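Trainee: pasted the sequence and its predicted model underneath.
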Amino acid sequence: MQTVNVKGPYNFDGILDRLSIDPLNEVNLAERTVRVPLIIEGEPNVAIVKGIGTTENPKFIIEGSIDDQTIKRLAHILQWDVPLTDIHQHFLTTDLKEIFEQHMGTPLVLDFDPYRTLIKCIIHQQLNMSFAHTLTERFVKQFGFEKEGVFFYPPPETAANITEEELREMQFSGRKAQYIIGIAKVIAEGQLDLDALAEKSDDEVMSSLIKLRGVGPWTVQNFLMFGLGRKNLFPMADIGIQNAIKKLYNLERKPTIEEMEQYKKAWEPYLSYASLYLWRSIE
DNA sequence: AACCAGGGAAGAT
DNA sequence: ATCTTCCATGGT
């Protein structure tokens, strides 16, 4: 067991609420805990994070098999090392002022690992959240594995051997099935190292991932944000972002690309936070 | 019933 | 290069 102190504001209960939307996440709102499935040097490891502080003075207890790498990974995933004060300050002078005040202390929490982010993004493409979660849950429970009460996604070697028919039976579209199996094969064969992308620039990650069939700009932008924690992404193709802007500015229709290009200028270099808080504003 | 959903590939221009 | 159409399936 280990205790960690974090600089506020940091609204952990808001994070747990958000995590609990995904049926695969093991969240206990009453106990303020989440079980985090991690792959440390190729081995699955489960850490239990429990909130014991407040938004202004956040504190955590970590339980499970803990080593330095696990703590470091958790700190990065939960963004304990990114103080939000400067970022909030930046947005208080913009059109997003009210939204940031309303959701103050919302960090850009990452997905539990980059590979998981990519697969989840593919499954979620162009699907409503409800069905997307259903599909993801079926996929992981059928082909993944469980450890200490949490499901892990099937590793690339496993996913590469799934057949298109097996996925179609669980209501994947044929295309989506091909995308997932194809990407798993590329990774399993060693032609793509997602973890190595952490050392590359946003543009380099974009140019290497967009070559994959099934991966477009939206997916890479989401990967950069929620897989790697990059801070200046704005997925304009995202229907949620478009609806949030429509609501913010009381538009009759969804904003055009040109309008979004104009709005986003004031939000740099923290566009990922603009995106995140815009999403929160319509939930 | 019609339109939408936290897109992307393939075809057309 | 940029624009349009088609893809698939559940949700509302």
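Mentor: Perfect, I can see it now.
Trainee: where do the strands sit along the stretch 1-150 of chain A?
Mentor: For the stretch 1-150 of chain A, the strands defined by DSSP state E, counting those that start in this stretch cover A:2-5, A:26-28, A:33-40, A:43-51, A:59-64, A:145-147, A:150-152.
Trainee: reformat these as TSV; add distance to residue A:181 and mean neighbour count.
Mentor: Glycine gets a C-beta too; all of them are placed from N, C-alpha and C. As requested, the strands of the stretch 1-150 of chain A are arranged in TSV below (distance: least, Cβ to Cβ, whole Å; neighbours: other Cβ atoms under 10 Å):
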stretch	distance to residue A:181	mean neighbour count
strand A:2-5	39	13
strand A:26-28	27	16
strand A:33-40	20	20
strand A:43-51	22	18
strand A:59-64	32	17
strand A:145-147	18	13
strand A:150-152	18	20
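Trainee: out of these, which is closest to DNA strand C?
Mentor: With respect to DNA strand C, and counting by Cβ to the nearest atom of the strand, the nearest of the strands of the stretch 1-150 of chain A is strand A:150-152 at 20.0 Å.
Trainee: the strands of the stretch 1-150 of chain A: which one's closest to residue A:78?
Mentor: Ranking the strands of the stretch 1-150 of chain A by proximity to residue A:78 (Cβ to Cβ) places strand A:43-51 first, at 7.1 Å.
Trainee: hmm, who's touching the closest one?
Mentor: Strand A:43-51 is contacted by residues A:12-13, A:16, A:31-39, A:58-66, A:70, A:74, A:78, A:145, A:147-150, A:152 when judged by Cβ atoms under 8 Å, 6 or more residues apart in numbering.
Trainee: related to what we said a few turns ago, distance to DNA strand B and mean pLDDT added to the strands of the stretch 1-150 of chain A, as CSV?
Mentor: As requested, the strands of the stretch 1-150 of chain A are exported to CSV (distance: least, Cβ to the nearest atom of the strand, whole Å; pLDDT from 0 to 100):
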stretch, distance to DNA strand B, mean pLDDT
strand A:2-5, 26, 97
strand A:26-28, 15, 98
strand A:33-40, 17, 98
strand A:43-51, 20, 97
strand A:59-64, 23, 97
strand A:145-147, 25, 98
strand A:150-152, 20, 97
